[in-house]
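Chemist: Sequence below, structure please.
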Amino acid sequence: MRSRLIALVTGAVLVAAAGTAQLAATPTAAAADCTSAQVISNGGFESGTSPWTSSSGVITSGGGQSAHGGSSFAWLNGYGSTHSDSLSQTVTLPAACTKATLSFWLHVDTAETTTSTAYDKLTAKVGTTTLATYSNLDAKAGYVQKSLDVSAFAGQSVTVSFAGTEDSSLQTSFVLDDLALDASGGGTTPPDPPTSDATRTPAAPTYTASLTSDATGGSWTGYESVAFTNASPAALSEVYLRLWDNYHGSCPSTPITVTNVTGGTASALSVNCTALKVTLPAPLAQGQSGTVGFDLGITVPSGADRFGRDGAFNFIGNALPVLAVRDGAGWHLDPYTNNGESFYSLAADFSVTLDHPTSLLIPATGTSVDTPGGSGRTVTKATASKVRDFAWGAGPFSKISGTSPAGVKVNVYSVSGISAANAQSMLTTSISAVDAHAGRFGAYPYSEVDAVIDNNFWFGGMEYPGFVLDLVSTTALTHELGHQWFYGIVGDDEYTSPWLDEAFTDYATDLALGISGTNCWNSVSWASSAEKITNSMAYWDAHSSRYSTVVYTYGKCALHDLRRLIGDTAMTKLLHDYAQSHWYGVSTTAEFKAAAQAATATDLTSFWTQHRIDG
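Modeler: The predicted structure follows:
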C-alpha cells in the first residue's frame, strides 16, 4: 500500500521464442457469452470531435494544457469566471457483459487557494446517474487515472457525460484524455463459484521467470510460467493473469506484453488491458494442478513511479503477471487504481533470473545471488518463498548494508543526489523499524529487505515483499516497512478493504515511533453519511480528496481508540495473535472484528458503529 505522505506526515510448459507483439488471440465464446469490448470511440480525441458532443473549444490540442497521450485532449473550464462546459458521447454496452468500467485520465489544476471548499466542479455521469464529482480540491500535478464501475448499465444505450462548472473567479481546469469504457464478464466468462464456497483459488502458485534487460535496465524480455493448484471444491476452468502495469500505457499499446501462451487458450485482454483470461484445457477438480507459461516483454515508462524510470534508475513494481483470485465473490478483476492499490494475491513462491549489465545493481524481492553472465553482464537470481508479489529495480544505485539485532539483513539503495548521510539515516531507520514491527507482530520471516530511496517519488513510498520504494523520510519508511506485515504477511483484498493494510500499518508506524495517538479520534469530521473507514477503492476513487484522511488517519485513530477501550495489554495480544493466525493468509474486516470482540468482555457493537467500521 502506497504511503500517502500527507497522511503520514500531516501443468507442462513449452518454451517458445520471445516475442514483443501484443497478444492478439480472440475468445471463442458461445452466443450467450460476453465478447469483451471497449465501446467509447475516439477516446483520445486524436480524430477530431466526432462522435463527441461538446461545448465550443473543449476538444483541443493547445492553450497551455497538454495531452496524456497523443496531442489532443478535452479541456473543460479554466476561464476564471462563471462558466459551464460539457462533453458527452452515447454508447451501447453489450448485454451479455456483466462488468463495465469507465476509465479516464484527469488532470486538475487550479488557481483556487482553499483546502476545504469545492468552488469549481466536474461531474461524471452515465445517463442521469452521477458517478463521481471532482473539484478544485482534487488538483494535482500531472494526470491521474480514474476508474468508475458502470456494470449496472449492461445491455443499455447510455450517454456518458462530463459537466464542468466554474464560479466567478480563480480558474480551475479539468483536462480529460484517453477515455475508455471496457465491458467484460458474463455468460460463462467467467463462471462464479457458488457463493457458499469461499475457498480462495488458484492456490500455492509457483512463479518462475527468466528475463534479460537492455543496456539501461528499462526493457526486459523473456519467459514466465506459473504452476498452481485448485484448492476449491468448485472446478477451475480458467485462470486470469493480472498485467497491472498496463495501466501505465494506452490500451491496447501496453508496456507489458504477453505472447505465445501455453497451458491454456488466451482470450483478449480486458479491464483496460490489465486482465488476461486463460481457459484451461480441461477443468481442474479440487487438488488438481496446472501450469501456464508465456513470453513476456516489459518496457518501463518514464517517470519516478512505482513502475517507472527516473533518469538512469528503473523501478519495476507489479510488472510480473500474477494470478487473480477467485473466492466466494467470484473472480476479483477490479481495475487498477493509482490512488492506492488494487492488488489481491495469495502467498506464492518466486524464482526470478535477471540477466543485466554488470554496471546495474538489482535490488529485488527475496534473496539474490549474482553470478557472471556474458561479456559485461551479470545474472542475478532472486528467490522468495511465501510472498504475494515480486518487484525489482535496475540502475547505478549506491548501496549500503547492515544487519538488525534480530538478524535481518537490510540494504539501502540510493539514486544519485541522495547524500551519504541521508542514506545512512534511512539504513538506521530501516534496521530499527524492521525489529520494532517484528517485536509486535511476529519475527520477519525473510532473510533480507531492500529499501530504494529516491526523493522524486511523487507518492511518498510503496511496498512490495522484501522491497520498498521511499523518499528520505523516517515516518514514510517506517510505514512502508510495516507493510511487510500488513498486506505482505497478513494479506487482504486491497481494492475492497484498503483500511486493513493502510490503517493497520499507520497504527504500527505510530507505535514504532512512540506516537500514542492521544485524542486523535477527536478530530474526526465525516464528509457524508456514506463515508466509512471500511469503504472500497471504488468509493475512494470517486472521493479521492478524502482517501488519505479517512483510511490512513481515521483508520489508525480508530485502532488507537480500540486500544484505549480494551487496554494496552489486550490490544498488544490481539494484534500479535491476529497476525499469527493469518500468517501468509488473508484478513477480512469481519474476522478482525470477531477477533477484537473475543479479546474483551466489552460489547464492541457501538464502537464499530461510531467508528464506521462495517463488515
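
Chemist: if I've got this straight, Asp614 is in a strand?
Modeler: No. Asp614 is assigned coil when assessed by DSSP: H, G, I helix; E, B strand; the rest coil, not a strand.

Chemist: check contacts around the closest residue to it other than its chain neighbours.
Modeler: Spatial nearest neighbour of Asp614, chain neighbours left out: Thr534 (4.9 Å); criterion: CB to CB, 6 or more residues apart in numbering. From N, CA and C alone the C-beta is placed, and that goes for glycine too. Neighbouring residues of Thr534 by CB atoms under 8 Å, 6 or more residues apart in numbering: 497, 499, 589, 612-615.

Chemist: Looking at those residues, point me to the pair that's furthest apart.
Modeler: Farthest pair in the contacts of Thr534 (CB to CB) is Ser497 and Arg612. Separation: 13.5 Å.

Chemist: Tell me which of these two has more neighbours.
Modeler: It is Ser497, of Ser497 and Arg612, that has more neighbours when counted by other CB atoms under 10 Å, with 25 against 18.

Chemist: That one contacts Gly615, doesn't it?
Modeler: Yes. Using CB atoms under 8 Å, Ser497 is in contact with Gly615, at 7.3 Å.

Chemist: Touching both of these two, which residues are there?
Modeler: With contacts defined as CB under 8 Å, 6+ apart, the residues shared by Ser497 and Gly615 are 534, 588-589.

Chemist: which one of those residues is nearest Leu76?
Modeler: Among those, Thr534 lies closest to Leu76 (CB to CB), at 33.1 Å.

Chemist: Phe315 versus that closest one, what's the distance?
Modeler: 30 Å (CB to CB, to the nearest Å).

Chemist: What mean pLDDT does stretch 232-250 get?
Modeler: On average, the pLDDT along stretch 232-250 is 95.

Chemist: Can you check the pLDDT for the residue nearest to Asp614?
Modeler: pLDDT at Thr534 comes out at 98.

Chemist: Can you turn the buried part of the contacts of Thr534 into a PyMOL selection?
Modeler: Per 16 or more other CB atoms under 10 Å, the buried members of the contacts of Thr534 correspond to this PyMOL selection:
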select buried, resi 497+499+589+612+613+615
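
Chemist: between the contacts of Thr534, which is closest to Tyr547?
Modeler: Closest approach between those and Tyr547, by CB to CB: Trp499, at 10.5 Å.

Chemist: Can I get the helix or strand containing Trp105 as CSV, trimmed to CA atoms?
Modeler: Trp105 belongs to strand 99-110 when assigned by DSSP states H and E. Provided in CSV are the C-alpha atoms of strand 99-110 (Å, rounded to 0.1, in the frame of the first residue of the first chain):
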residue,chain,number,x,y,z
LYS,A,99,-18.9,-5.9,-15.8
ALA,A,100,-18.2,-2.5,-17.2
THR,A,101,-15.7,0.1,-16.2
LEU,A,102,-15.4,3.7,-17.3
SER,A,103,-11.8,4.9,-17.1
PHE,A,104,-10.2,8.2,-18.0
TRP,A,105,-7.2,10.3,-17.2
LEU,A,106,-7.9,13.5,-15.4
HIS,A,107,-5.7,16.5,-14.8
VAL,A,108,-7.0,19.2,-12.5
ASP,A,109,-5.1,22.4,-12.0
THR,A,110,-6.5,25.4,-10.2
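
Chemist: Give me the nearest residue to Gly63, chain neighbours excluded.
Modeler: Trp75 (6.9 Å).

Chemist: Pull the number of nearby residues for that neighbour.
Modeler: 26.

Chemist: same question, Val325
Modeler: If we define neighbours as other CB under 10 Å, then Val325 has 22 of them.

Chemist: What residues does it make contact with?
Modeler: Listed by CB under 8 Å, 6+ apart, the contact partners of Val325 are 200-201, 331-332, 344-346, 493.

Chemist: Show me which positions of the strand holding Trp105 end up buried.
Modeler: Buried, per 16+ other CB under 10 Å, within strand 99-110: 99-110.

Chemist: what's the lowest-pLDDT member of those residues?
Modeler: Lowest pLDDT among the buried residues of strand 99-110: Lys99, with 79.

Chemist: From His332, how far off is it?
Modeler: Lys99 is 11 Å from His332, by CB to CB.

Chemist: Then Ser66?
Modeler: Going from Ser66 to His332 by CB to CB gives 35 Å.

Chemist: who has more neighbours, these two?
Modeler: His332 (20 against 14).

Chemist: Show me the two of the contacts of Val325 that sit farthest apart.
Modeler: Thr201 and Asp493 (14.4 Å).

Chemist: and Val175, what is it in contact with?
Modeler: Residues in contact with Val175 (CB under 8 Å, 6+ apart) are 65, 73-76, 106-109, 143.

Chemist: Same check on Pro396?
Modeler: Pro396 touches 312-313, 359-361, 416, counting by CB under 8 Å, 6+ apart.
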